[in-house]
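A.B. asks: Build me a structure from this.
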Amino acid sequence: MKSGIKSKQNRRRFLKQFTALLATSALWSACENAARRIAARFTGAPATLGHRLLSQDFPAVTQEERVKILIIGGGIAGLSACRALIKKGEKDVVLLEMDQRVGGNSTWSENPYTAYPLGAHYLPLPNRHDAELLKFLSEENILTGFDAAGEPLFEETFLAAAPQARLYIRDYWQEGLIPAYGVSAENQAQIQAFFQKMETFKHLRGTDGKYIFDLPIRHASSDTTYQYLDQTTMAEWLQQEGYTAPELLEHLHYCCLDDFGIGITRVSAWAGIHYFAARKSEQDNVLTWPEGNGFLVKCLEKYAAEHLRIQHLAYEIKMEPSCVAVKVYDAQQNRSILFRAEKVILATPQFVNQRLLPARSLDLTRFHYAPWLVATLVLRDLPPSAGMPLSWDNVIFKGKGLGYINTLHQSIAQRHPKHVITYYCAFDGPDLLALRRELYQKDTAYWQQFVLDDLRQAHPNIESLLESMDIQRWGHGMVSPVPGFIFGATLANARQSLDDRIYFAHSDLSGMSLFEEAFHQGLEAARHCQATAPQ
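C.D. replies: Got it, this is the predicted structure:
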């Protein structure tokens with residue numbers, strides 16, 4: 001009997017303690033979750049400065065400057081143009097950048113543990129016939145020489161180290177990003193047949209002897225035989241060709257999102273094939289750095305160091321008889337400056353150019369810009385690898401986003417006090433304006449949970465490892481080549497200079513937001529500037 005009473009007392013005590021423990025656990029969990037929400041923050045320049053182009057609420061001009069060549073926009077195209085001009089001996093150049101740091105969507109940031117990308121994070125190995133890009137890479141000691149066959153050789157520490165990529169599919173991490181685990185023999189055959197067809201496209205040349213698919217696009221063949229592919233979507237072309245394997249379609253959807261910000265149902269078939277056929281290197285690797293393409297930005301930026309004005313927003317351009325008059329807002333000094341330039345290079349996207357040149361005839365509705373989110377997570381430990389070690393690129397099959405990169409992958413250190421990964425997500429849909437608004441209207445807690453929910457598919461304990469999260473939003477992350485855009489009249493018109501005094505240089509003028517395209521856009525604008533300079 002006493003034993004029974006004692007047992008009841010023990011049970012009551014246990015229930016009280018257990019209830020208290022649950023309450024404490026819930027309180028701790030709530031505090032921990034709240035702490036994690038606080039840890040997340042938005043990074044990058046506030047969109048409000050750029051949006052002042054809409055309101056035009058700028059102070060009156062209080063200063064004037066004269067310059068021979070004014071470059072507006074410090075992304076890859078603007079930096080490339082500035083480098084080309086400086087190397088040709090042109091000193092009277094000013095480069096304006098709205099942000100606090102140059103680079104555009106190749107910019108970067110850093111924390112106590114590493115530098116990390118806020119956007120573009122790798123450069124595929126360039127084609128060996130791209131002499132100008134190879135020359136730049138050689139000058140920066142990224143290219144170290146050529147092998148006996150004429151293939152470029154690169155600094156080994158800049159090549160993505162092994163293991164390079166893994167895919168989480170059917171609750172399993174497999175090596176490589178092309179689906180293989182659990183794929184039927186029939187579907188594997190389809191995947192193999194697709195890549196064999198891409199090899200055919202890769203070596204295809206036009207009647208002029210040039211490649212049909214090349215980088216930059218302006219170096220490709222003028223043969224129009226295959227331009228019909230730009231009139232249909234990648235999904236429609238795949239269906240016509242009999243490619244139906246779900247794993248193949250999902251992989252191609254991922255690839256198109258990665259390079260163009262839109263998937264196979266919306267991207268041009270020509271662009272989708274270009275993804276696989278334009279790069280000719282036989283080496284299966286990429287160039288990458290902890291800060292991603294921020295490393296390349298720094299290589300270009302040094303040429304602009306004495307010519308750069310950061311936090312300067314151009315807000316009005318007028319053609320005058322003897323010059324191009326450009327009003328610029330200096331956000332640091334809260335003042336407006338009038339630049340009188342002989343030549344102007346607009347290395348800004350077309351939705352900005354429309355505000356600067358409202359009288360210019362351009363159908364902006366033909367330009368589609370995909371919104372992006374990039375989140376950098378600091379983790380106290382690595383998530384369990386389930387037999388496949390953490391790779392440089394880590395992708396979740398059918399995930400909301402495009403997976404994440406291991407930012408410290410290129411580090412030679414054996415141990416790290418913390419681990420840093422950078423997650424990417426492109427928002428694809430018919431209503432880009434609605435997606436863009438949602439991106440900016442939702443708060444940090446929402447996007448933090450969005451990222452964690454996606455990663456939790458492969459890493460159920462990811463939230464318990466999180467220490468902080470930096471979230472970069474790109475409302476107009478990259479131009480997207482929808483059908484009819486690349487070879488359409490709108491894009492051709494957008495490239496035309498104005499009165500041989502204003503030249504346009506931006507990757508959106510090629511239809512693809514690629515480093516190679518932006519680099520060559522800058523070179524081309526610089527050439528035109530000097531070719532038309534008054535003698």
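
A.B. asks: State the distance from residue 355 to residue 112.
C.D. replies: Remark: distance between residue 355 and residue 112 (CB to CB, to the nearest Å) = 39 Å. Using the backbone N, CA and C atoms, a C-beta is placed for each residue, glycine as well.

A.B. asks: neighbour count winner among those two?
C.D. replies: The neighbour comparison of residue 355 against residue 112 (other CB atoms under 10 Å) goes to residue 355, with 16 against 8.

A.B. asks: Before we move on, what's the pLDDT of the more buried one?
C.D. replies: Per-residue pLDDT puts residue 355 at 92.

A.B. asks: Doesn't it lie inside a helix?
C.D. replies: Yes: under DSSP: H, G, I helix; E, B strand; the rest coil, residue 355 sits within a helix.

A.B. asks: Please give me every residue in contact with it.
C.D. replies: 53-54, 315 (CB atoms under 8 Å, 6 or more residues apart in numbering).

A.B. asks: please redo it, this time with the cut-off set to 7 Å
C.D. replies: residue 53 (CB atoms under 7 Å, 6 or more residues apart in numbering).

A.B. asks: So it versus residue 184, what's the distance?
C.D. replies: With CB to CB as the criterion, residue 355 and residue 184 are 53 Å apart.

A.B. asks: Check residue 132 too.
C.D. replies: In terms of CB to CB, residue 132 sits 46 Å off from residue 184.

A.B. asks: Next: residue 87.
C.D. replies: For residue 87 relative to residue 184 (CB to CB), the value is 55 Å.

A.B. asks: Now for the closest residue to residue 103 other than its chain neighbours, how many residues are close by?
C.D. replies: Once flanking residues are discounted, residue 103 sits nearest to residue 297: 4.0 Å by CB to CB, 6 or more residues apart in numbering. Counted with other CB under 10 Å, the neighbours of residue 297 add up to 23.

A.B. asks: what do you get for residue 365?
C.D. replies: Residue 365 has 7 nearby residues by other CB under 10 Å.

A.B. asks: For it, give me phi and psi.
C.D. replies: Here is the backbone geometry of residue 365 (degrees, to the nearest 10): phi -60, psi -20.

A.B. asks: what's the answer for residue 153, then?
C.D. replies: The phi/psi pair for residue 153 (degrees, to the nearest 10) is phi -110, psi 140.

A.B. asks: Go ahead and confirm it touches residue 138.
C.D. replies: No: with contacts counted by CB atoms under 7 Å, residue 153 stays clear of residue 138, the gap being 10.4 Å.

A.B. asks: which strand residues sit across from the nearest residue to residue 279 once chain neighbours are set aside in the sheet?
C.D. replies: Of all residues not flanking residue 279 in the chain, residue 124 sits nearest, at 5.3 Å (CB to CB, 6+ apart). Legend: beta-bridge partners of residue 124 under DSSP bridges are residue 286.

A.B. asks: Tell me the predicted confidence for residue 124.
C.D. replies: 97.

A.B. asks: if I look at it, how far off is residue 515?
C.D. replies: Taking CB to CB, one finds residue 124 at 9 Å from residue 515.

A.B. asks: What of residue 331?
C.D. replies: Taking CB to CB, one finds residue 331 at 28 Å from residue 515.

A.B. asks: cool, residue 241 as well?
C.D. replies: 30 Å.

A.B. asks: Please identify which of these two sits among more neighbours.
C.D. replies: Shown here are residue 241 and residue 515; by other CB under 10 Å, residue 515 has more neighbours (22 against 12).

A.B. asks: List the residues that contact the more buried one.
C.D. replies: Residues near residue 515 by CB under 7 Å, 6+ apart: 76, 106, 120, 123, 293, 296.

A.B. asks: For the residues you listed, give me a markdown table that also has distance to residue 302, neighbour count and secondary structure.
C.D. replies: Compiled in a markdown table, the contacts of residue 515 are given as follows (distance: CB to CB, whole Å; neighbours: other CB atoms under 10 Å; DSSP: H, G, I helix; E, B strand; the rest coil):
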| residue | distance to residue 302 | neighbour count | secondary structure |
| --- | --- | --- | --- |
| 76 | 14 | 32 | helix |
| 106 | 15 | 26 | helix |
| 120 | 19 | 25 | coil |
| 123 | 18 | 24 | strand |
| 293 | 15 | 26 | coil |
| 296 | 12 | 25 | helix |
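
A.B. asks: Between all of those residues, which two are separated the most?
C.D. replies: Maximum pairwise distance among those (CB to CB): 10.6 Å, between 76 and 123.

A.B. asks: Output the longest strand belonging to the chain as CSV - backbone C-alpha positions only.
C.D. replies: Across the chain, the longest stretch assigned as strand under DSSP state E is strand 466-479. C-alpha atoms of strand 466-479 as CSV (Å, rounded to 0.1, in the frame of the first residue of the first chain):
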residue,chain,number,x,y,z
LEU,A,466,22.5,28.4,-37.5
GLU,A,467,24.3,31.3,-35.9
SER,A,468,23.5,34.1,-38.4
MET,A,469,22.1,34.8,-41.8
ASP,A,470,22.7,37.6,-44.2
ILE,A,471,20.1,38.0,-46.9
GLN,A,472,20.8,39.9,-50.2
ARG,A,473,17.8,40.7,-52.4
TRP,A,474,18.1,41.4,-56.1
GLY,A,475,14.9,42.8,-57.5
HIS,A,476,16.3,42.8,-61.0
GLY,A,477,18.9,40.0,-60.6
MET,A,478,19.4,39.2,-64.2
VAL,A,479,18.0,39.6,-67.7
